[in-house]
Each structure stands twice: as structure tokens, then as C-alpha cells.
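[1] need a structure here:
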Amino acid sequence: MGKKHYQKRHDKIKRNANALKLLKALYKILPLIVIITYPVMLIIKFFSGFDSDFLLMICVPAGTLLIVTALRKLIDRERPYIKHNTEPLIPKKSTGESFPSRHTASAFIIAMSAFLLSPILACCLLIIATIIAITRILAGVHYLTDVLAGMLISIGIGTVFFIII
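    Numbers count the residues shown, from 1 in each chain. From the prediction side, this is the model:
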């Protein structure tokens, strides 16, 4: 995305107080929902019968997070607000490691792990993960390609380990 398009979107949200409040709320609350839901899912799975699915629900998200973190360090992509020399709509201090989005990847792999418990819960979490990805772009802290990469990595890994196997 070019600087002109980025700046136009940035300024439009910044001028609309309600849009900015909504963006800030979603940016903070939705990841918390995922963070709270994940251990609850693990507890439910543990008490419904400790099995290989429980271990998958721990190991696959952890492995995905390690892969995404390693890619971020290896690629070290500059963040949009740095490239376009502007303030992000959500205060952030990091300058690099934008690709892939770790928040997006984490939300999607946790949503994928929910398929082992409930397809309905998984679909709800996939919707939340999608909104998390969108807020990252709108806040100006990630590019579209950052969140798409995080999403695709997690959906790919999640499909293999939580749906196919």
C-alpha cells in the first residue's frame, strides 16, 4: 500500500472519534478474549479426557508461535508507520518484525485448535481472529500481507493438525 492510500485511511479514522474509539477497543479487547478463551479450552479438554488432542492443543499453537516469531526476526520487515513516517493510531514502539503478524497468527491457530472441542466455538473464534487482523491493518501497525501471512500459516498448520490428522 502506498503512502498516499495509507495516510488517507489513517487520517479518516483519526478524524472520526467514534471510529477511533471502536478501533482502540477492538484492538485491545479481542486479543484478550482469545487469550482468556485458550486456557479455558485447555481446561475443558483436560477434564473431558487427557489424550493426544490435549497435547496437540498445546504443542501446535506453541510451535506455530515459534515459527512465526522466527520468521519475523529473519525477515525483520519495517512497520507501516515507520515506512510512511507517521504515528500509528494505536501507540507502538517497535520498528521492525512486522511480517508475519504474530497476533493474527496466534488468534487463528487458537481458533483452529477449537475445532477439537466445538466447530461452533472455532467459527466464532475465526471471526474474532479476522477482526483482530483487520484492526492491525487499520491501526497502521501491519500491512495486509503481514496479517494474511499470519492467517495462512495458522490455517495451514491448523488444518493439518486439527482437521486432517
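
[2] next helix or strand past the worst-scoring helix or strand of the chain on mean pLDDT?
    When the helices and strands of the chain are compared on mean pLDDT, DSSP states H and E, helix 3-15 comes out lowest with a mean of 86. Toward the C-terminus, helix 3-15 is succeeded by helix 17-47 as the next helix or strand (DSSP states H and E).

[3] that next one: how far from the chain's middle?
    Per CA atoms, centre = their mean, to the nearest Å, the displacement of helix 17-47 from the mean C-alpha position of its chain is 11 Å.

[4] list the buried ones in it?
    In terms of neighbour count (16 or more other CB atoms under 10 Å), helix 17-47 has its buried residues at 20, 23, 26-27, 30-31, 34, 37-38, 41-42, 45. No exception for glycine: its C-beta is placed from N, CA and C like everyone else's.

[5] before we move on, the earlier item: any idea how far the least confident helix or strand of the chain is from the chain center?
    The answer for helix 3-15 is 22 Å, by CA atoms, centre = their mean.

[6] stretch 155-165 now?
    For stretch 155-165, the distance to the chain centre is 17 Å (CA atoms, centre = their mean).

[7] can you list the buried residues in the least confident helix or strand of the chain?
    Of all the residues in helix 3-15, those buried under the rule 16+ other CB under 10 Å are 6, 10, 13.

[8] ok, stretch 56-76 next?
    Residues of stretch 56-76 classed as buried by neighbour count (16+ other CB under 10 Å): 56-57, 60-61, 64-65, 67-68, 71-72.

[9] and the spatially most central residue of the chain, what element?
    Nearest to the geometric centre of the chain sits Thr104, at 1.4 Å (CA atoms, centre = their mean). If you go by DSSP H and E, Thr104 is part of helix 102-113.

[10] helix/strand/coil for the residue of the chain most remote from its centre?
    If you look at how far each residue of the chain sits from its centre, by CA atoms, centre = their mean, the farthest one is Gly49, at 28.8 Å. Classification of Gly49 by DSSP: H, G, I helix; E, B strand; the rest coil places it in coil.

[11] quick check, the residue nearest to the centre of the chain in contact with Asp146.
    Yes. Counting by CB atoms under 8 Å, Asp146 is a contact partner of Thr104 at 7.5 Å.
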